[in-house]
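>>> Sequence and predicted model, in that order:
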Amino acid sequence: MMLIFSIPKYIFRMIHVFAGCFILGNAFADLIWDERDEDSYALIKFLCLIFLFISGVVNLILLKPSKIFDENTNKLWVRLIYAKLVLWLFYLPYFFACLIDFSYPSAIIEVILAVIIILISSFAKTVRDGNAKTPEEIAKLRD
């Protein structure tokens, strides 16, 4: 029964990871190589950003952080997630510029955002893995 509930978490986690890899990996590729002049590339990049956002929200809902963390850890973890959301919002002007064929100021800005997001994401994952309650502890809270 637990496996059935794990499938959506796994699917949305994979969507999130693949979209994130595409977005963040291309930030570095764009810095190294000249701009790609394909309209489809900009559209795919934008769609991956949307998938990243949607899968991130779904992952938050499925994770239920208030149930797996104590109060202090929950506050820290939620702040990290909000920081990721704010950085995601900084990405939006870049993607809208790609869609309307407008030149964005610098690929270095995108790389800086990517590095910060990677650092925050890694730290949030470490906090989550190190402080989450076990399934047995969560089950005891339901009783």
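Noted; the coordinates are in hand. Numbers count the residues shown, from 1 in each chain.
>>> List of residues touching the helix or strand encompassing Val115?
Using DSSP states H and E, Val115 falls within helix 107-131. Residues outside helix 107-131 that contact it (Cβ atoms under 8 Å, 6 or more residues apart in numbering): 20, 23-24, 27-28, 30-31, 63, 65, 68-70, 73, 76-77, 80-81, 83-84, 87-88, 90-91, 94, 104. Every residue, glycine included, has its C-beta placed from N, CA and C.
>>> need the helix or strand of the protein with the lowest average pLDDT.
None of the helices or strands of the chain scores lower by mean pLDDT, DSSP states H and E than helix 135-142, at a mean of 65.
>>> pLDDT weak spots in this protein?
1-6, 28-40, 94-107, 135, 137-143 (pLDDT under 70).
>>> same thing but at 90, please
Residues of the chain that meet the criterion pLDDT under 90 lie in 1-74, 76-78, 81, 84-143.
>>> Confirm for me that Ile81 is in contact with Leu60.
Yes - applying Cβ atoms under 8 Å, one finds Ile81 in contact with Leu60, separated by 6.7 Å.
>>> Neighbour count for the two, which is higher?
Under the criterion of other Cβ atoms under 10 Å, the comparison of Ile81 against Leu60 puts Ile81 first, with 20 against 14.
>>> helix or strand for the more buried one, which one?
Judged by DSSP H and E, Ile81 forms part of helix 71-99.
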